[in-house]
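Trainee: Turn this into a structure:
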Amino acid sequence: MTKVLFVCLGNICRSPMAEYVFKDIVKKKGLEHEFFIASAATSSEEIGNPVHHGTRNKLRQYGISTDGKRAILLTSKDYQNYDYIIGMEQANIQNMNRILGQDIQNKIYRLLDFTKSPRDIADPWYTGNFDLTYNDVQEGCEALLEYIITNDLKKKIF
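Mentor: Residues are numbered from 1 along each chain as shown. Reported below is the predicted structural model:
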């Protein structure tokens, strides 16, 4: 089983969006039994809070529910528990490295680094643009799944 953890600052906008978009993509491909997918925050500010209404509303447009999701904090133990730890922007990566320590197993990535156009995903908490964030997350999740299938799942399945 491949374990993927998406990370952003508060775990109420981008990382839960990525978590649930990735779950949806994986399910539609019939691969849900091959993955454990979650999300977490680098900051304790939103811990325990539900997913931001902008993210919930955007995902609802695609039939994706985030019911029951509450913000949780990234911990140093997560490094050993996950195969891929995916930040949304470079600032997340810096905070993840501070919390997780040295990335000696090469598990820490920025989501859009798997695409043809590597970049940060803008935080809709500040921009208010959940459409742009969704489009970037969708693009990144599709590219991440392709990367995992090509590099990991083929080794496990075939």
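Trainee: Please enumerate the strands of this protein.
Mentor: Using DSSP state E, the strands of the chain run over 2-8, 35-41, 84-87, 108-110.
Trainee: partners of the last one, with directions?
Mentor: Taking DSSP bridges as the criterion, strand 108-110 sits next to strand 84-87 (parallel) in its sheet.
Trainee: list the contacts for D136?
Mentor: 111-112, 119, 121-122 (Cβ atoms under 8 Å, 6 or more residues apart in numbering). Using the backbone N, CA and C atoms, a C-beta is placed for each residue, glycine as well.
Trainee: For those residues, I'd like a selection string for ChimeraX - just the buried members, please.
Mentor: Of these, the buried ones can be selected in ChimeraX as follows, counting by 16 or more other Cβ atoms under 10 Å:
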select :111,112,121,122
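Trainee: just to revisit the earlier point, so of the strands of the chain, which one's packed in deepest?
Mentor: The highest average neighbour count among those, using mean count of other Cβ atoms under 10 Å, belongs to strand 84-87 at a mean of 26.
Trainee: For that strand, what is the distance to the chain centroid?
Mentor: On the basis of Cα atoms, centre = their mean, to the nearest Å, strand 84-87 sits 6 Å off its chain's mean C-alpha point.
Trainee: again, but for stretch 67-85
Mentor: Offset of stretch 67-85 from its chain centre (Cα atoms, centre = their mean): 10 Å.
Trainee: and the residue lying closest to K58 once chain neighbours are set aside, what does it touch?
Mentor: Closest residue to K58 apart from its sequence neighbours, by Cβ to Cβ, 6 or more residues apart in numbering: F130 at 4.4 Å. Neighbouring residues of F130 by Cβ under 8 Å, 6+ apart: 13, 54-55, 57-58, 124.
Trainee: For A91, see how far away the residue nearest to D103 when sequence neighbours are not counted is.
Mentor: Closest residue to D103 apart from its sequence neighbours, by Cβ to Cβ, 6+ apart: N97 at 6.6 Å. Separation of N97 from A91 (Cβ to Cβ, to the nearest Å): 11 Å.
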